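Enquirer: Show me the folded form of this:
(chains A and B)
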Amino acid sequence: NAGVTQTPKFRILKIGQSMTLQCTQDMNHNYMYWYRQDPGMGLKLIYYSVGAGITDKGEVPNGYNVSRSTTEDFPLRLELAAPSQTSVYFCASREAGGSSEQYFGPGTRLTVT
Amino acid sequence: TQLLEQSPQFLSIQEGENLTVYCNSSSVFSSLQWYRQEPGEGPVLLVTVVTGGEVKKLKRLTFQFGDARKDSSLHITAAQPGDTGLYLCAGAWGGNTPLVFGKGTRLSVIA
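Expert: Okay, here's the model as predicted:
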């Protein structure tokens, strides 16, 4: 059981480039999330999805886009990368239910220069 | 406005000492979770507390949910270097609403 997997682990982008961060979960969870974590800080919610075909903005959605065509996959798209998007990005998933455990991927460390 | 305030933000202690970290809010949550994040990894769930006044123990870690379900505390007895990490609390309102995370307490236990 792989849980939540993220690719790539590391990436360096130049300003203005675009990329997609991949996230896949094999637990058949309906809920999926994207967070960013800046150095020494907590987690900020970028986008989330409560099921295939449904996405919603979190606290810091500007500069990002998501799609959810399947239950398993929740890619995060960065358009026109900026230095302010340098961060570690975590994908997470959980079952429906308010107190269910949230499972996190290992993270993608992105640097924009 | 930070819905969940964690304190202290940083804590550095010697091995064997006891410590308590706090998670406070003006909002009522249906449940509250504590996660630990080690360097270079994603957060991992430690415990979920659901009932006001609930106390849960996980080896040397004791978690308490406030009676009004607005706050929680994590007490570590005889801290060890392996306890080093970022401790995050997260509040749940239920339904489809995402968890609300605090900024975390960064704990360093020195041998």
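Enquirer: pLDDT below threshold where in chain B?
Expert: In the predicted model, chain B carries pLDDT under 70 at residues B:1-2.
Enquirer: need the strands for it, in chain order.
Expert: Remark: strands assigned in chain B by DSSP state E are B:5-7, B:10-14, B:19-24, B:31-37, B:44-49, B:55-58, B:61-65, B:71-76, B:85-92, B:100-101, B:105-110.
Enquirer: Now the fifth one: buried residues?
Expert: Of the residues in strand B:44-49, those buried by neighbour count under the rule 16 or more other Cβ atoms under 10 Å in any protein chain shown are B:45, B:46, B:47, B:48, B:49. Bear in mind the C-beta positions are built from the backbone N, C-alpha and C, glycine included.
Enquirer: so residue B:5 touches residue B:26, yeah?
Expert: No: under the criterion of Cβ atoms under 8 Å, residue B:5 makes no contact with residue B:26, lying 9.2 Å away.
Enquirer: okay, these two: which has more neighbours?
Expert: More crowded of residue B:5 and residue B:26, by other Cβ atoms under 10 Å in any protein chain shown: residue B:5, with 15 against 10.
Enquirer: Residue A:4 and residue B:105: what is the separation?
Expert: 24 Å (Cβ to Cβ, to the nearest Å).
Enquirer: just residue B:93 next, same as before
Expert: 22 Å.
Enquirer: Compare these two (neighbour count), which wins?
Expert: residue B:105 (22 against 16).
Enquirer: How about the more buried one: which residues does it bridge to?
Expert: Listed by DSSP bridges, the beta-bridge partners for residue B:105 are residue B:87.
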